[in-house]
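Engineer: I would like to see how this sequence folds:
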Amino acid sequence: MDKTPVYFYSSTSNLTGRFAQHLAELTGRAVHNLADANVRRTEASGPWVLLTPSYKAGNADEVTLPAGVRSFLRSAANRRRMVGIIGSGNRNFGVYYQAAARELATRSGRPVLFEFELAGTPEDVTHCAQILDDLDAALAASHPVEA
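Structural biologist: Numbering: from 1, shown residues only. Below is the predicted model:
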């Protein structure tokens, strides 16, 4: 069974990047950093999951979705192939906690699969890995490969 890749964005703090790396190490799943311009210029070849932080900290005019994510989502193919969203946030942001993931889910019609704070805990990584494994199984069942 194929593992759905995760495309993530992480700022210089690398909190989201550490979570993505732990997911890759635990599951053998491919993770792609949208902070890399070469990655942003590609198109996902099949279903993929977005892992994005939220940066909105109380200013209603601030953009919540990182520029690297917005750039990747300019591709109609990438928007169409995105099957879910994982959100990273900081509870100190109050009502804006997970704003990027939740707003994108509303706009795209894709589900928020998992949310965690900062770099997450080992338990968060394990729980998210199980959710992604379940997603992989559901995608495989809905699109069986013919022999």
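
Engineer: Against residue 114, how distant is residue 53?
Structural biologist: 13 Å (CB to CB, to the nearest Å). Any C-beta I mention is one placed from the backbone N, CA and C, and that applies to glycine too.

Engineer: which regions of this structure sit below the pLDDT cut-off?
Structural biologist: 1, 56-63, 144-147 (pLDDT under 70).

Engineer: try 90
Structural biologist: Counting by pLDDT under 90, the ranges of the chain that qualify are 1-2, 10-15, 54-68, 89-100, 119, 142-147.

Engineer: those helices in it, which residues are they?
Structural biologist: Along the chain, counting by DSSP state H, helices occupy 15-27, 37-40, 67-72, 76-81, 99-108, 122-142.

Engineer: chain center to the fourth one: distance?
Structural biologist: This points to helix 76-81. 14 Å (CA atoms, centre = their mean, to the nearest Å).

Engineer: Same question for the longest one.
Structural biologist: Once both centres are worked out by CA atoms, centre = their mean, helix 122-142 turns out to sit 13 Å from its chain's centre.

Engineer: Next, the angle helix 15-27 makes with it.
Structural biologist: Put simply, helix 122-142 runs at 60 degrees to helix 15-27, going by axes from the mean of the first three to the mean of the last three CA atoms, to 10 degrees.

Engineer: thinking again about what came up before, higher neighbour count, residue 53 and residue 114?
Structural biologist: When residue 53 and residue 114 are compared for neighbours, residue 53 comes out ahead with 25 against 22, by other CB atoms under 10 Å.

Engineer: can you tell me which residue is nearest the centre of the chain?
Structural biologist: residue 51 (1.7 Å; CA atoms, centre = their mean).

Engineer: how about stretch 121-133: buried residues?
Structural biologist: 124-125, 128-129, 132 (16 or more other CB atoms under 10 Å).

Engineer: Among the helices of the chain, which comes closest to residue 89?
Structural biologist: Nearest of the helices of the chain to residue 89, taken as CB to CB: helix 99-108 at 7.5 Å.
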